[in-house]
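Engineer: here you go, sequence then predicted model.
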Amino acid sequence: MKKSKKRWYEWIPHPVVMLFGIIVLAVIMSYILPAGAYERELVDGRQRVIPGSYKLLEAAPVGFLDMFNALSKGFSEASSIIFLVLVSGAMFGILEKSKMIENTVGTIVRELGLRHKYLIVVTVTFVYGMLGVAVGYENNIAMIPIAAILSLALGGDLMLAAGISVGAITVGFGLSPINPYTVGVGHQIAEIPMFSGALLRSILCFLALSALAWYNVSYFKKISQDRQKSMTIDIDTKGFQLSGTIDKYKMTNNNWLVLLIFLGGLGVMLFGVFRYKWYLVEISSIFIIIAILAGIAARIKATEFSETVLKSIGIVAPGAFMVGYARTISVILETGKINDTIAFQLSEMLKTMPTYISAVFMSIAQCGINLLIPSGSAQALATLPIMIPVGDLLGLTSQTTILAFQIGDGVTNLFNPTLGGLIAMLSLCRVPFDRWLRFISPLVFLLLFISWLFLLFGVYIEWT
């Protein structure tokens with residue numbers, strides 16, 4: 001009897017194996033590519049590349065022991081987001097223990113009715129997308145488990161929960177017309193009005209979120225017809241499942257108090273983020289305060305509180321581990337001094353291409369660089385000072401070059417194994433990265449196609 005041929009996604013290795021393979025590849029590249037660096041200047045407190053300053057350096061290949069030393073350094077550099085993942089898990093565990101989230105979601109579903117479940121999926125996809133557009137990326141990490149409970153209450157699964165939350169936040173943030181880390185930094189470098197050209201970017205972002213909403217509903221319909229087609233059917237959903245029937249859910253006074261604490265804490269966090277530039281450390285502190293106050297309000301005993309925190313941390317610990325593990329890759333590239341070499345070689349290659357083709361390939365180049373430099377602002381500061389002058393030589397306006405960068409960075413974030421925020425959010429949904437890759441890959445190709453049409457339109461109209 002002939003063995004059935006493996007499908008492409010069955011060849012996807014476990015995330016731990018996949019990342020280790022990328023780590024080994026980065027080490028090998030340090031022996032093949034010449035070491036080099038651009039000179040940098042301090043602008044508004046940030047180090048920015050000086051175009052045309054690339055020079056070769058003494059080779060710095062990464063040794064066998066250095067490769068494993070990079071693991072420790074990677075975890076050290078990613079410690080803030082690792083802690084955020086652990087704290088988010090602990091906070092959600094306390095909120096779940098208080099029954100506030102379960103009763104809130106159950107009440108919402110009861111009021112709206114399961115007959116509108118597809119409309120709810122579309123609406124929630126856009127809500128999470130708008131959070132990505134306006135609030136940020138890691139700032140939304142506490143909202144992920146709520147999508148898991150909502151998805152299961154509607155009859156969906158954990159993959160659908162990831163699609164309507166992680167996917168939407170990633171698309172909204174990546175293609176946001178007001179993303180300060182990519183568009184904002186790019187406009188500063190190009191010295192053009194901040195967040196100009198917002199109309200074209202807004203239309204692109206809306207269409208991308210619409211495509212995601214359609215994709216989520218299509219998946220929901222598929223698993224509703226045949227539960228065996230669920231990609232997360234074997235994953236434990238304990239803690240996410242509603243314990244009662246929908247018609248019996250209602251909010252108690254204590255639930256309202258805990259919800260007020262949660263929303264108030266998020267409000268304080270957002271105020272601090274936008275007013276005082278708070279980031280991971282301060283966000284983690286707010287989550288700890290929310291957990292403590294919610295525990296007090298829900299009258300959870302000290303021993304029960306402690307046990308819930310440790311149990312919840314245990315659930316998200318694998319995801320926290322993957323965040324530090326992924327950070328190792330950029331540590332190796334920095335150690336081998338080949339980050340700037342990759343950017344330099346790509347820019348030289350683009351100079352030989354026709355205008356329309358070069359715009360698309362510039363976006364593809366940024367997709368590759370994003371796997372090596374997952375931070376949007378760091379990538380912008382490292383590549384846009386190079387790419388914008390290259391774009392000028394090719395006849396591309398600065399707006400078009402920045403859009404090419406934004407597409408490469410934003411869409412690639414949907415499947416970037418080195419992006420700590422993505423791995424962290426997926427862990428809160430309990431969705432393994434290899435299964436997420438199988439789920440999201442068709443959508444990524446669709447979003448790239450749509451985005452490249454907008455990019456070519458920008459070239460055509462000489463977008464300024």
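Structural biologist: Now that the structure is in, tell me what you want to look at.
Engineer: next, count neighbours for residue 438.
Structural biologist: 17 (other Cβ atoms under 10 Å). For glycine as for every other residue, the C-beta is placed from the backbone atoms N, C-alpha and C.
Engineer: and the helix or strand hosting it, what does it pack onto?
Structural biologist: Using DSSP states H and E, residue 438 sits in helix 433-460. For helix 433-460, the packing partners by 3 or more Cβ pairs under 8 Å, 6 or more residues apart in numbering; DSSP states H and E come out as helix 15-32, helix 158-162, helix 198-225, helix 355-372, helix 398-412, helix 420-428.
Engineer: in stretch 153-163, what counts as buried?
Structural biologist: Buried residues in stretch 153-163, counting neighbours by 16 or more other Cβ atoms under 10 Å, are found at 153, 154, 156, 157, 158, 159, 160, 161, 162, 163.
Engineer: now do the end-to-end distance for it.
Structural biologist: Stretch 153-163 has an end-to-end distance of 15 Å (Cα to Cα, to the nearest Å).
Engineer: what's the nearest residue to residue 374 if we skip its chain neighbours?
Structural biologist: With sequence-adjacent residues excluded and distances taken as Cβ to Cβ, 6 or more residues apart in numbering, residue 374 is closest to residue 419, at 4.3 Å.
Engineer: number of residues surrounding the one you found?
Structural biologist: Neighbours around residue 419, by other Cβ under 10 Å: 23.
Engineer: quick one: it and residue 376 touch, right?
Structural biologist: No - using Cβ atoms under 8 Å, residue 419 makes no contact with residue 376, being 9.6 Å away.
Engineer: by mean pLDDT, point me to the weakest helix or strand of the protein.
Structural biologist: Across the helices and strands of the chain, mean confidence by mean pLDDT, DSSP states H and E is lowest for strand 46-49: a mean of 76.
Engineer: neighbours of residue 13, just the number please.
Structural biologist: 11.
Engineer: confidence score at it?
Structural biologist: pLDDT, residue 13: 77.
Engineer: doesn't residue 19 make contact with it?
Structural biologist: No - using Cβ under 8 Å, residue 13 is not in contact with residue 19, being 9.3 Å away.
Engineer: going along the chain, name the helices of the stretch 201-350 of the chain.
Structural biologist: Using DSSP state H, counting those that start in this stretch, the helices of the stretch 201-350 of the chain run over 253-276, 280-297, 302-335, 339-350.
Engineer: mind checking these for the one nearest to residue 24?
Structural biologist: Residue 24 sits nearest to helix 302-335 of all these, at 9.4 Å, using Cβ to Cβ.
Engineer: tell me the mean pLDDT over the closest one?
Structural biologist: 89.
Engineer: Three-state assignment for residue 119, please.
Structural biologist: helix (DSSP: H, G, I helix; E, B strand; the rest coil).
Engineer: do you know how far it is from residue 253?
Structural biologist: 30 Å (Cβ to Cβ, to the nearest Å).
Engineer: neighbour count for those two, which is higher?
Structural biologist: residue 119 (12 against 6).
Engineer: what's the first-to-last distance across stretch 409-420?
Structural biologist: 14 Å.
Engineer: could you dump stretch 245-264 to CSV, C-alpha only?
Structural biologist: Below are the C-alpha coordinates for stretch 245-264, written out as CSV (Å, rounded to 0.1, in the frame of the first residue of the first chain):
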residue,chain,number,x,y,z
THR,A,245,-25.1,27.4,29.6
ILE,A,246,-25.3,30.8,27.8
ASP,A,247,-28.8,31.7,29.0
LYS,A,248,-27.8,31.6,32.7
TYR,A,249,-25.0,34.1,32.5
LYS,A,250,-25.3,37.5,34.2
MET,A,251,-22.9,40.1,35.7
THR,A,252,-22.7,40.2,39.5
ASN,A,253,-21.8,43.4,41.5
ASN,A,254,-18.4,41.8,42.2
ASN,A,255,-17.9,41.1,38.5
TRP,A,256,-18.5,44.7,37.7
LEU,A,257,-16.0,45.8,40.4
VAL,A,258,-13.3,43.5,39.0
LEU,A,259,-14.1,44.6,35.4
LEU,A,260,-13.8,48.2,36.6
ILE,A,261,-10.4,47.4,38.1
PHE,A,262,-9.2,45.7,34.9
LEU,A,263,-10.4,48.5,32.6
GLY,A,264,-9.1,51.2,34.9
